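A.B. asks: Whatever this is, show me its structure:
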Amino acid sequence: MNASPPAGHLLSGVVVLDLCDNLAGAYCARLLRDAAATVLRPHGQPIHIEDGGTGSSSAARDALARMLNARKEIIADDEVAAAIDRADVVIDSATWSGYDAAGAFAARPGLAAVTVTEFGLSGPWAGRDGGSAIRQAMAGSTYWRGDESLPPVMAGGDMEQFLAGAYAAAAAVAAVRQSRRTGMGDHLDLSLFEVTNLGLTTLGPTLASMWGKAGEDFPHRSLQIPAIERVKDGWVGLCTISARQRQDLMLLIGRPDLADDEALSYAGMPTARSAGVRRAIEDWTESRTGEEVIDAASALRIPVAPIGNGATLLDNEHLDARGFFQPTGTGLRQPGAPFRFHPVEPPAGAREGGGRPESSAPVAAGDPDGTGHLDGLRVLDLTAWWAGPAASHLLAAFGADVVKVESVSHPDGMRYSFVVDPGAHQWWERAPVFFALNTNKRGITLDLTTDRGRELLQELAANADVLIENFSARVLDSFGLDWSAIRARNPGLTVVRMPAFGLDGPWRDRTAFAQTIEQCSGLAWITGHPQGPPVAPRGICDPLAGIHAAFACLSALEGRDRGAATGVVEVSMLEPAVIAAAGQVLAWQLERRLPERLGNGHPGHCPQGVYPTADGAWVSISVRDRDGWRALARQLHRPDWLDVRWDSAEARRAESERIDTAITGWCQRHDAATAVARLVAGGVPAARVDGSGRALRHPQFEHRHFFEPVAHEVAGTHPVPGLPFRSTTFRQPWNRRPAPTLGQHTEEVLHNWLGMSASSVAGLTAAGISGTWPTNVDAVE
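C.D. replies: The predicted model follows:
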């Protein structure tokens with residue numbers, strides 16, 4: 001065996017060629033470089049950044065491009081052909097002349113090729129240039145965000161590009177792993193459109209189907225209660241997910257009579273009493289400073305956060321304590337890597353070898369009956385809600401045997417969220433987000449407050465490749481696991497930990513959900529209408545953390561199998577989100593100004609917005625250049641707009657109010673379908689603003705079979721999004737089995753993994769250590 005690479009150099013020896021000209025692909029390559037791969041990039045390939053949270057600062061966009069390219073090896077354009085021949089991974093955006101990913105993969109089947117484009121390489125929208133406004137409108141994102149009294153609002157800052165980069169990086173490492181095991185890599189065709197649906201709709205199409213709203217504009221626009229609230233000295237973010245948190249907040253503000261009001265539900269759907277509940281919260285927060293609200297809420301473990309932006313993030317006490325921002329040679333500070341690896345040397349007397357022996361023989365890559373790139377990998381999944389399950393969901397989709405551990409007294413809290421009828425039989429099996437995030441997994445229940453439950457967890461960990469959890473930092477240690485014993489039996493175990501704020505720092509023990517992270521990371525700062533409050537994008541920080549964790553986990557496994565140390569992978573929810581807001585941080589340092597909230601506008605495109613139509617719908621229009629503007633002028637029969645004085649976006653922005661009035665008047669004379677058809681036929685980027693239920697039937701999604709029907713024994717059959725790429729070597733659906741019912745596979749898994757008999761498992765049930773029915777079913781919502 002070769003000498004072990006330095007600890008933490010997980011992908012040392014892997015060569016990556018970065019041919020991308022979009023932010024997502026460049027960020028994918030940056031992540032691979034963070035894991036110590038060698039990344040080559042041609043000198044002649046620019047990165048086109050339309051926003052990236054930089055606002056109108058071209059200097060910040062240039063700095064963001066430099067950040068993405070940091071520590072990559074720049075090669076001459078005439079060296080690219082040779083680099084393609086020697087690279088393990090090639091990432092492209094279908095724009096590098098002379099490179100065809102499908103052809104390169106056919107010539108070198110061991111290659112891991114990833115292509116990142118707006119809509120994917122196939123389908124009726126393939127090759128179109130959409131942009132974030134159009135993608136979000138069609139994907140179901142814009143429709144449901146914001147105050148229902150205002151136009152729907154898109155998520156600002158192109159944040160979905162960072163999620164796409166994480167997906168691409170995870171897929172690349174999965175393909176590298178498959179290539180090393182079988183000799184067959186993969187060509188993965190990634191769609192930013194599909195990533196947008198995954199990251200910015202909270203699995204809305206599955207929700208719509210389970211609520212009987214498939215094909216409709218659903219869910220409707222709303223703000224969660226509580227959300228971002230005004231305080232004496234600015235804004236503060238509150239978030240209550242569990243019933244206990246909601247009750248504690250109402251007690252805190254002196255309104256125990258509202259503690260069980262359904263207006264506070266996680267689903268965030270408006271009720272008749274929503275306005276009154278919101279006013280009660282506002283009365284309390286507006287009479288206090290942000291620090292007073294944060295201290296009071298934190299004392300009750302209610303998720304709370306200051307509203308971060310490019311200026312405050314640099315002085316954030318927690319990020320500072322963790323040394324997250326790193327100095328550069330230009331004098332700027334920029335984010336470090338979004339994950340950390342803590343190597344753990346095996347104890348004396350530990351079993352020799354890198355990891356647990358494979359549980360089954362490798363399946364030949366490309367075999368349609370195989371289970372994918374990660375066949376034979378065992379994952380013990382202690383995660384809950386969304387961020388952690390998103391990580392294990394990707395591993396399961398790629399073929400890992402993922403065993404989800406719950407208990408009858410504490411099932412995954414996502415089982416109780418967004419349920420249409422809490423009075424239905426086994427209603428906790430009908431939760432749409434749980435339904436979508438836990439496909440392909442096997443589910444068991446163990447009471448970890450008992451000695452026997454903990455013993456079984458340790459035995460399972462000794463037979464796993466990966467243990468993954470997303471508790472707050474203090475919880476896993478409270479289980480009393482004997483890590484030295486686990487390491488002695490299984491020195492190859494990789495542990496993935498996903499506390500919201502990391503394993504150290506002054507905020508380590510704070511609770512947080514995605515909304516909390518969106519509020520404090522800067523992502524909410526750039527979302528919302530001008531002059532209005534920041535608005536949480538609602539959800540993206542969960543998959544953003546989860547897919548980063550899956551990438552880091554696969555990188556650690558690859559390092560282990562190449563001879564590196566095993567250990568603990570740490571991925572906080574906060575740090576990947578701050579990277580997605582890095583443009584703000586750079587803009588503040590360079591120009592001492594923050595990007596503004598632009599509603600549905602864009603700092604460089606004009607006009608861009610959503611406009612009401614005659615049938616009560618909305619149309620998104622994004623004019624990105626002179627050609628688009630002139631096409632719009634012709635469609636609206638405005639020959640005066642063809643004058644050269646209108647050719648620059650700056651000139652149009654000065655008259656934006658007048659232009660928007662004219663566009664609104666035209667749109668209100670047509671229904672949405674007619675308006676979009678005429679605009680698109682005339683060369684104007686436009687799309688109907690669809691709710692998730694309608695987005696489910698978008699022709700591009702349908703062509704690429706993005707939504708897959710999943711049949712569940714309790715909940716019925718509903719569409720579930722797959723992974724956002726098409727694979728050349730894996731031809732099965734990404735969602736092959738439904739999410740498990742509570743404890744469904746306890747006997748099966750304990751027999752498979754530990755050799756336990758059926759009677760022994762029955763004894764666990766009799767003792768209350770395992771089971772299939774929540775013990776607190778009467779207490780949950």
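
A.B. asks: Could you tell me how far the particular helix or strand that has Glu657 in it lies from the centre of the chain?
C.D. replies: Assigned by DSSP states H and E, Glu657 belongs to helix 656-667. How far helix 656-667 lies from its chain's middle: 35 Å, per Cα atoms, centre = their mean, to the nearest Å.

A.B. asks: Does that helix pack against any helices or strands, and if so which?
C.D. replies: Packing contacts for helix 656-667, counted by 3 or more Cβ pairs under 8 Å, 6 or more residues apart in numbering; DSSP states H and E, involve strand 608-612. (Each C-beta comes from the backbone N, C-alpha and C, glycine too.)

A.B. asks: Within the sheet, what are the partner strands of the strand it packs on, with directions?
C.D. replies: Strand 608-612 has the following strand partners under DSSP bridges: strand 618-622 (antiparallel).

A.B. asks: picking that back up, give me the buried positions along the helix holding Glu657.
C.D. replies: Residues of helix 656-667 classed as buried by neighbour count (16 or more other Cβ atoms under 10 Å): Ile659, Asp660, Ala662, Ile663, Trp666, Cys667.

A.B. asks: what are the C-alpha coordinates of it, in PDB please?
C.D. replies: Coordinates of each C-alpha in helix 656-667 appear next as PDB, following Å, rounded to 0.1, in the frame of the first residue of the first chain:
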ATOM      1  CA  SER A 656     -38.000  51.100 -14.600                       C
ATOM      2  CA  GLU A 657     -41.200  52.300 -13.000                       C
ATOM      3  CA  ARG A 658     -42.600  53.500 -16.300                       C
ATOM      4  CA  ILE A 659     -41.500  50.300 -18.100                       C
ATOM      5  CA  ASP A 660     -43.000  48.100 -15.400                       C
ATOM      6  CA  THR A 661     -46.300  49.900 -15.700                       C
ATOM      7  CA  ALA A 662     -46.400  49.300 -19.500                       C
ATOM      8  CA  ILE A 663     -45.500  45.600 -19.100                       C
ATOM      9  CA  THR A 664     -48.200  45.200 -16.400                       C
ATOM     10  CA  GLY A 665     -50.800  46.800 -18.600                       C
ATOM     11  CA  TRP A 666     -49.900  44.500 -21.500                       C
ATOM     12  CA  CYS A 667     -49.900  41.300 -19.300                       C
END
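
A.B. asks: what's the angle between that helix and strand 608-612?
C.D. replies: 40 degrees (axes from the mean of the first three to the mean of the last three Cα atoms, to 10 degrees).

A.B. asks: what element comes up after the helix or strand bottoming out on mean pLDDT in the chain heading to the C-terminus?
C.D. replies: Ranked by mean pLDDT, DSSP states H and E, the weakest helix or strand in the chain is helix 475-478, scoring a mean of 79. Helices and strands here follow DSSP H and E; after helix 475-478, the next one along the chain is helix 483-489.

A.B. asks: elements contacting that following helix?
C.D. replies: helix 451-462.

A.B. asks: could you say what helices and strands the helix it packs on packs with?
C.D. replies: strand 378-381, strand 401-406, helix 483-489, helix 746-754.

A.B. asks: follow-up on the earlier one: and the buried residues of helix 656-667, which two are the farthest apart?
C.D. replies: Using Cβ to Cβ, the buried residues of helix 656-667 span at most 12.5 Å, a distance reached by Ile659 and Cys667.

A.B. asks: what about the closest residue to Gly768 other than its chain neighbours, how many residues close to it?
C.D. replies: Of all residues not flanking Gly768 in the chain, Asp447 sits nearest, at 6.6 Å (Cβ to Cβ, 6 or more residues apart in numbering). Using other Cβ atoms under 10 Å, Asp447 has 21 neighbouring residues.

A.B. asks: who are the neighbours in contact with Ala631?
C.D. replies: Gly682, Gly683, Val684 (Cβ atoms under 8 Å, 6 or more residues apart in numbering).

A.B. asks: Select from those the one having the most neighbours.
C.D. replies: Val684 leads those on contacts (other Cβ under 10 Å) with 23 neighbours.

A.B. asks: For that residue, identify the helix or strand it belongs to.
C.D. replies: Going by DSSP H and E, Val684 is not in any helix or strand.

A.B. asks: Identify the residues contacting it.
C.D. replies: Per Cβ under 8 Å, 6+ apart, neighbours of Val684: Ile621, Val623, Gly628, Ala631, Leu632, Gln635.

A.B. asks: Which one of those residues is nearest to Gly146?
C.D. replies: Ile621 (17.9 Å).

A.B. asks: Please report how far that closest one lies from Ser141.
C.D. replies: 16 Å (Cβ to Cβ, to the nearest Å).

A.B. asks: Can you classify Leu467 by secondary structure?
C.D. replies: strand (DSSP: H, G, I helix; E, B strand; the rest coil).

A.B. asks: Can I get the longest helix anywhere in the chain in CSV, CA atoms only?
C.D. replies: The residue-count maximum for a helix in the chain (DSSP state H) belongs to helix 160-182. Listed in CSV are the C-alpha atoms of helix 160-182, where the atom choice follows Å, rounded to 0.1, in the frame of the first residue of the first chain:
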residue,chain,number,x,y,z
GLU,A,160,-29.4,27.4,-5.9
GLN,A,161,-26.1,27.5,-7.9
PHE,A,162,-24.3,26.6,-4.7
LEU,A,163,-26.6,23.7,-4.0
ALA,A,164,-26.1,22.5,-7.6
GLY,A,165,-22.4,22.6,-7.1
ALA,A,166,-22.6,20.5,-4.0
TYR,A,167,-24.8,17.9,-5.8
ALA,A,168,-22.3,17.8,-8.7
ALA,A,169,-19.4,17.3,-6.3
ALA,A,170,-21.2,14.5,-4.4
ALA,A,171,-22.1,12.8,-7.7
ALA,A,172,-18.5,13.1,-9.0
VAL,A,173,-17.1,11.4,-5.9
ALA,A,174,-19.7,8.6,-6.1
ALA,A,175,-18.7,8.0,-9.7
VAL,A,176,-15.0,8.0,-8.8
ARG,A,177,-15.8,5.4,-6.1
GLN,A,178,-17.7,3.3,-8.6
SER,A,179,-14.9,3.6,-11.1
ARG,A,180,-12.3,2.4,-8.6
ARG,A,181,-14.4,-0.6,-7.6
THR,A,182,-15.7,-1.7,-11.0
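
A.B. asks: Next secondary structure after that helix?
C.D. replies: strand 186-191.

A.B. asks: same for that following strand, what does it pack against?
C.D. replies: Under the contact definition 3+ Cβ pairs under 8 Å, 6+ apart, strand 186-191 sits against helix 101-107, strand 112-117, helix 160-182, strand 725-727.

A.B. asks: hang on, Arg697 in a helix?
C.D. replies: No - under three-state DSSP, Arg697 sits outside any helix and is assigned coil.

A.B. asks: And the strands in the stretch 301-450 of the chain, which stretches?
C.D. replies: 304-306, 325-327, 333-335, 340-343, 378-381, 401-406, 442-445 (DSSP state E, counting those that start in this stretch).

A.B. asks: show me where the stretch 551-700 of the chain has strands.
C.D. replies: 567-570, 608-612, 618-622, 686-688.

A.B. asks: Of these, which shows the lowest average pLDDT?
C.D. replies: Note on the strands of the stretch 551-700 of the chain: lowest mean pLDDT is at strand 567-570, with a mean of 94.
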